[in-house]
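>>> Pasted the sequence and its predicted model underneath.
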Amino acid sequence: MSQAPIGFVGCPLRSPADTGGAAHSHGARREVVVNGTRVRTVDIHAHCAVPAAMAVLGQEVHNDNLLMEDLTTRLAAMDAQGLDMAALSINPYWYHAERDAAAELIRIQNEALVEIREATPDRFTAFATIALQHPDLAAEQIDHAVKVQGFRGVSVGGSVEGLELADPKFNPVWAKCEEHDLLVFLHPTGTTELEPSGRLGGSGLLTNTIGNPLETTIALSHLIFEGTLDRYPGLKICAAHGGGYLGSYANRSDAVCRTFPNRVSPLPKKNPTAYLRDGQLYFDTIVFTPEALRHLIAETGPDRIMIGTDYPFPWTSTEVELVMDTPDLSDEDRIAIFGGTAAKLLGLEG
């Protein structure tokens, strides 16, 4: 079939620094080296869009510069930043769609992602998309994505039209993800329920700056306290933006189990902080400073962290430097964060 056009968003690039790799002449591919060893880097958090799928719901990419018939700009950005591979994901915009439209949209979207992955397998992998608002359909889509299309992960939003991911309605989806040993990439869709109050208005783009990590924190907290992670111990979730605020204040979640045990029912099988380390929750590096990343790693362990850029949104383009500048990491830790953990979870060869 012909390839559906893919839309990307461009972002300004800074010149690559020498830290953590070789900064080559303009247009050359930067290589990341840890203690003399060339390592493969995998960006776990990289966005894209499929205009043909968006058209099913009458939506479009409004800036023609976002449409690409080739991958030249994307690959140039990756080369400059020292990124060997990117795991593409698409933020859900379809959770309101009726079943038939959602099925068609997901079909187009996933087929386009497969074509990108197969055309450049050394540079791209992808998370399958699913119609999470229709859990039985989503479970079928997961089966097809894994058995026919070869996906090793799926992407989801932080909530579904006001429903938490921990709602029992979605249990068949988590069971299917556990069955296929998939990595779930959780990206917030925003806190629209809070916006009518106006508290996230004004300066600072607080709907994104605060709202996005807040939604992730809420989603993960419900998955812990409502028992979803206990119910599906093989479920693996990578939470965007460093997992929101959970890693920064998770000990308060432990404390509520002691302080108000009558409000925590049933009690999680472990202290909430234990879920940060036990192999179910993973996090990207989008926390901006070495001290913030050091603290997140102190709470989770280095084997729970993977580099992410949020490309093409220009929040950051220096994740290699961030990891290299973070103290108290061994060479093995840095190699795992740069790509080893992502390769293991997503079944990347080589």
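On my side now, so go ahead. Numbers count the residues shown, from 1 in each chain.
>>> mind listing what G244 touches?
Counting by C-beta atoms under 8 Å, 6 or more residues apart in numbering, G244 touches P188, N212, P213, L214, E215, T216, T217, I218, L220. The way it works is simple: take the backbone N, C-alpha and C, and place the C-beta from them, glycine included.
>>> and if we set it to 6 Å?
P213, T216, T217 (C-beta atoms under 6 Å, 6 or more residues apart in numbering).
>>> So which residues of the stretch 51-200 of the chain form strands?
Secondary structure of the stretch 51-200 of the chain (DSSP state E, counting those that start in this stretch): strands at 67-68, 85-89, 124-126, 128-129, 153-157, 159-160, 163-164, 183-187.
>>> any chance of the ones you listed in JSON lines, plus mean neighbour count?
Below are the strands of the stretch 51-200 of the chain laid out as JSON lines (neighbours: other C-beta atoms under 10 Å):
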{"stretch": "strand 67-68", "mean neighbour count": "15"}
{"stretch": "strand 85-89", "mean neighbour count": "26"}
{"stretch": "strand 124-126", "mean neighbour count": "26"}
{"stretch": "strand 128-129", "mean neighbour count": "27"}
{"stretch": "strand 153-157", "mean neighbour count": "25"}
{"stretch": "strand 159-160", "mean neighbour count": "24"}
{"stretch": "strand 163-164", "mean neighbour count": "15"}
{"stretch": "strand 183-187", "mean neighbour count": "24"}
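>>> Of those, which is nearest T309?
Comparison of the strands of the stretch 51-200 of the chain against T309 by C-beta to C-beta identifies strand 85-89 as nearest, at 8.0 Å.
>>> Run a quick check on I108 versus P51, I expect a contact.
No. Using C-beta atoms under 6 Å, I108 is not in contact with P51, being 9.7 Å away.
>>> Now the closest residue to T285 other than its chain neighbours. Its backbone dihedrals?
Take T285 and drop its neighbours on the chain: the residue closest to it by C-beta to C-beta, 6 or more residues apart in numbering is I307, 4.9 Å away. Backbone torsions for I307, taken as degrees, to the nearest 10, come to phi -70, psi 140.
>>> same check, this time on A46
Per degrees, to the nearest 10, the backbone of A46 is at phi -140, psi 130.
>>> and it, how many neighbours?
25 (other C-beta atoms under 10 Å).
>>> separation between it and I286?
Distance from A46 to I286, counting by C-beta to C-beta, to the nearest Å: 11 Å.
>>> How are the helices of this structure distributed by residue range?
Taking DSSP state H to define them, one finds helices in the chain at 51-54, 72-81, 99-119, 135-147, 171-179, 206-209, 211-225, 228-231, 246-259, 290-300, 319-325, 331-335, 341-346.
>>> Can you tell me which of those helices is nearest to S265?
Nearest of the helices of the chain (C-beta to C-beta): helix 211-225, 9.2 Å.
>>> What's the mean pLDDT across the closest one?
For helix 211-225, mean pLDDT rounds to 97.
>>> Report all helices and strands that it contacts.
Helix 211-225 is packed against no helix or strand, with contacts defined by 3 or more C-beta pairs under 6 Å, 6 or more residues apart in numbering; DSSP states H and E.
>>> and the angle for that helix with helix 246-259?
For helix 211-225 against helix 246-259, the angle by axes from the mean of the first three to the mean of the last three C-alpha atoms, to 10 degrees is 40 degrees.
>>> gap between helix 211-225 and the chain center?
14 Å (C-alpha atoms, centre = their mean, to the nearest Å).
>>> From N35, how far out is the nearest residue to H45 once chain neighbours are set aside?
Closest residue in space to H45, ignoring its immediate chain neighbours: G308 at 2.9 Å, by C-beta to C-beta, 6+ apart. Applying C-beta to C-beta, the value for G308 to N35 is 23 Å.
>>> Name the residue in those two with the higher neighbour count.
Per other C-beta under 10 Å, whichever of G308 and N35 has more neighbours is G308, with 28 against 10.
>>> tell me the pLDDT at that one?
98.
>>> close enough to count as contact, it and I286?
Yes. The criterion here is C-beta under 6 Å, and G308 meets it with I286 at 5.2 Å.
>>> The residue nearest to L57 when sequence neighbours are not counted: neighbouring residues, count only.
Counting by C-beta to C-beta, 6+ apart, L57 lies nearest to A97, which is 5.9 Å off, once chain neighbours are set aside. Residues near A97, counting by other C-beta under 10 Å, number 19.
>>> Give me the pLDDT value at A97.
Reading off the model, A97 has pLDDT 98.
>>> Residue ranges in the protein under the pLDDT threshold?
1-27, 62-68, 350 (pLDDT under 70).
>>> Please identify the residue most distant from the middle of it.
Of all residues in the chain, N262 has its C-alpha farthest from the mean position, at 34.0 Å, by C-alpha atoms, centre = their mean.
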